[in-house]
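Participant: generate coordinates for the sequence data below:
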Amino acid sequence: MSIMNDSNLAPFLQHIAHCHTARLPGTRRPFYCEQIQIGWVDPRIFSALGELRLETGDGFGVPHGSDLQNLGAELACRELYRPHHELFDVSTLDNRVLGQIDRGALPLLGLTAQGVHLNGLVRKESGLFIWLGHRSPHKRLDPGKLDHLVAGGVCAGIGPLEALAKEAEEEASIKADLIAQAKPVATIRYAMERPEGLRRDTLHCYDLYLPEAFVPEPADGEVEFFKLLPIEEVFSLVRDTQKVKFNVNLVLIDLFLRQNLFSPSDAAILRAALNAS
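Facilitator: Numbers count the residues shown, from 1 in each chain. Predicted coordinates:
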């Protein structure tokens, strides 16, 4: 049953619009690898790529996928971004892996990143609850914001399910036999302007129904603590505040839609906005 009225739809649409701020190409130029366009280059690194003799007719590029990692290292040496020291796969639209590059270089080159998000759910007699994490104040991105029970990037060489299991163990001490029960529920894409550059993210979203007795424990310092909240309270947090991390809002809106928390007419509007890419 719907728990909102039509006049309150705007905040949810604003969260979605906030993650769809990129207008391509804008001032960016194409980035190629093996003559395939895979990204959009930030103007801040035009001169650096020119000095590296990577300019093509209409943009920039590298001849081989094996050149990507060295390019990322060179851009970090020039202090054009802060490296994460974590490699991500760089793929074509048909998911052929071309090579790897430091995660921090992805936005400067406008390359697509893969991530996983888990709705940690608990069904009680009083209703549906969801675990949220409070991000560490020392996080580089959105410190102190509310986050999912498990969320993270898909690093090089593994797929979303492996990444989910890895992040679940590291972030919330969830064992493999429990995380194996998670169900894929949605794929969300967006292109967003950020201070670090262009985020072109693909989020693989999962639901996991947890026992009432389960209590997650922060394991790697990325989360300060976890809280179990009624879904109605989480709904209000998304609607009325800016306390939730930007892309977590999108995954939660998808959850609210699947839990029928919107009227049918509002749900149709939100689904169309959420699926725009």
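Participant: show residues contacting whatever helix or strand residue 227 lives in.
Facilitator: Secondary structure from DSSP states H and E places residue 227 in strand 223-230. The contact list for strand 223-230, computed with CB atoms under 8 Å, 6 or more residues apart in numbering, reads 122, 126-137, 147, 149, 171-172, 215-216, 218, 237. All C-beta atoms are positioned from the backbone trio N, CA, C, and that covers glycine.
Participant: go again with 7 Å.
Facilitator: Outside strand 223-230, the residues that touch it by CB atoms under 7 Å, 6 or more residues apart in numbering are 122, 127, 129-136, 147, 149, 171-172, 216, 218.
Participant: pull out the buried positions in that strand.
Facilitator: 223, 226, 228, 229 (16 or more other CB atoms under 10 Å).
Participant: stretch 76-95 too?
Facilitator: 76, 80, 81, 84, 87, 88, 89, 90, 91.
Participant: now for those residues: which two are most distant?
Facilitator: Greatest spatial distance in the buried residues of stretch 76-95: 80 and 91, 22.8 Å, computed using CB to CB.
Participant: pretty sure residue 268 sits in a strand.
Facilitator: No - Residue 268 is assigned helix when assessed by DSSP: H, G, I helix; E, B strand; the rest coil, not a strand.
Participant: and it, how far from residue 262?
Facilitator: 9 Å (CB to CB, to the nearest Å).
Participant: could you measure residue 153 against residue 114, distance?
Facilitator: 7 Å.
Participant: which one of those two has more residues nearby?
Facilitator: residue 114 (20 against 17; other CB atoms under 10 Å).
Participant: can you give me the pLDDT of the more buried one?
Facilitator: Per-residue confidence for residue 114 comes out at a pLDDT of 96.
Participant: mind listing what it touches?
Facilitator: So residue 114 contacts 153, 154, 160, 202, 204 (CB under 7 Å, 6+ apart).
Participant: kindly recompute the last result at 6 Å.
Facilitator: By CB atoms under 6 Å, 6 or more residues apart in numbering, residue 114 lies in contact with 154, 202.
Participant: what strand or helix carries it?
Facilitator: strand 112-124.
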